[in-house]
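Enquirer: the following block contains a protein sequence and its predicted model.
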Amino acid sequence: MPDTEAVKQPATWRIVIAAIFDFLTAFFVFGYIIASIFGGRTEDGFKLNGPPALLLFALIFAYFIVFNRYLGGTIWKRILRARRP
């Protein structure tokens with residue numbers, strides 16, 4: 001009988017929490033950087049309209065694509081060990 005080890009999948013809650021944290025982290029980090037460059041910083045944080053806001057969402061989308069496809073998982077997936085084999 002072959003000795004096969006079952007691959008253990010991460011818990012669904014870890015994947016969901018990692019996705020939420022990844023989105024929030026990317027939103028605030030990229031948003032703050034873009035607001036600093038394009039002058040959208042306010043006393044309470046940042047406010048983006050028009051092309052800077054579109055750039056923000058494009059960077060968030062790219063973050064998920066690049067990290068998952070080329071770097072083996074996003075930051076929070078690695079922290080929470082939520083990567084699927």
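Expert: On my side now, so go ahead. Numbering: from 1, shown residues only.
Enquirer: residues of the longest helix along the chain that come out buried?
Expert: The single longest helix within the chain, with elements called by DSSP state H, is helix 12-38. Buried residues in helix 12-38, counting neighbours by 16 or more other Cβ atoms under 10 Å, are found at 14-15, 18, 21-22, 26, 30-31, 34-35, 38. For the C-beta atoms, the positions are set from N, CA and C on the backbone; glycine is no exception.
Enquirer: now these as a markdown table including pLDDT?
Expert: Output for these, formatted as a markdown table (pLDDT from 0 to 100):
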| residue | pLDDT |
| --- | --- |
| 14 | 93 |
| 15 | 93 |
| 18 | 96 |
| 21 | 97 |
| 22 | 97 |
| 26 | 97 |
| 30 | 97 |
| 31 | 96 |
| 34 | 97 |
| 35 | 96 |
| 38 | 95 |
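Enquirer: can you list these in TSV and add distance to residue 77?
Expert: Shown next, in TSV, are the buried residues of helix 12-38 (distance: Cβ to Cβ, whole Å):
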residue	distance to residue 77
14	8
15	8
18	5
21	9
22	7
26	13
30	18
31	21
34	24
35	26
38	30
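Enquirer: what residue lies at the spatial centre of this structure?
Expert: For the chain, the residue nearest the mean C-alpha position is residue 22 (3.1 Å; Cα atoms, centre = their mean).
Enquirer: so that residue makes contact with residue 64?
Expert: Yes - the pair residue 22 / residue 64 is scored as a contact, 7.0 Å apart, by Cβ atoms under 8 Å.
Enquirer: neighbouring contacts of whatever helix or strand comes next after the longest helix of the chain?
Expert: Using DSSP states H and E, the helix or strand that follows helix 12-38 in sequence is strand 41-42. Strand 41-42 is contacted from outside by 32, 35, using Cβ atoms under 8 Å, 6 or more residues apart in numbering.
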